[in-house]
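> sequence unavailable; structure follows:
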Ligand code: THU
């Protein structure tokens, strides 16, 4: 799976976004180590806090299907700026894959590459609970 292919899958998911309140569509495509890809979109709710982001949709689908070994995630939006993950999504990425690559796209299809550790420096994880 090339970066371009993963980015295309994330971009395709923009059509599935359910975002009647923000009108801010987000799509995600998550690559696992065995090559499986899980996709996601944001799913909003009239009770705003119930909303789930595209990235967490994809990660939750993966974990619930027995996949935790995340390699790379592409995140697509339609904005001029690169679509970076929110804090809650960064924290969930930290739980499973602190070294995962995160490709953040803008509306033109350009992307920037980060690692989860770059996006969440000094992040909290399960090792703190053992200290
Ligand atoms: N959103 C995502 O799907 N991913 C992010 O990381 C940032 C925010 C969604 C949530 C909400 O539906 C909309 O974008 C506006 O916040």
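Happy to help now that I have it. All values derive from a computational prediction rather than experimental measurement.
> quick one, phi/psi of the residue nearest to the spatial centre of the chain?
Nearest residue to the geometric centre of the chain (C-alpha atoms, centre = their mean): residue 55, 2.8 Å. Backbone torsions for residue 55, taken as degrees, to the nearest 10, come to phi -70, psi -40.
> dig out what residue 75 forms beta bridges with.
Under DSSP bridges, the beta-bridge partners of residue 75 are residue 28, residue 104.
> could you verify my assumption that it touches residue 55?
Yes - here residue 75 reaches residue 55: they are 6.1 Å apart, a contact under C-beta atoms under 8 Å. C-beta here means a position set from N, CA and C on the backbone, and glycine is covered the same way.
> how about the residues of this structure by the ligand?
Contact residues, the chain versus the ligand (C-beta under 6 Å from any ligand atom): 19, 22, 24, 26, 42, 44, 51, 53-55, 85-86, 89.
> that older thread, what sits in contact with each of residue 75 and residue 55?
26, 28, 85 (C-beta atoms under 8 Å, 6 or more residues apart in numbering).
> surely the residue nearest to the centre of the chain and residue 28 touch.
Yes - the criterion here is C-beta under 8 Å, and residue 55 meets it with residue 28 at 4.7 Å.
> find the residues that touch each one of the two.
Shared contacts of residue 55 and residue 28, defined by C-beta under 8 Å, 6+ apart, comprise 40, 73, 75.
> show me the contacts for the closest residue to the second one other than its chain neighbours.
Right, the one you point to is residue 73. With sequence-adjacent residues excluded and distances taken as C-beta to C-beta, 6 or more residues apart in numbering, residue 73 is closest to residue 30, at 4.7 Å. By C-beta under 8 Å, 6+ apart, the residues touching residue 30 are 37-40, 55, 58-59, 62, 70, 72-73.
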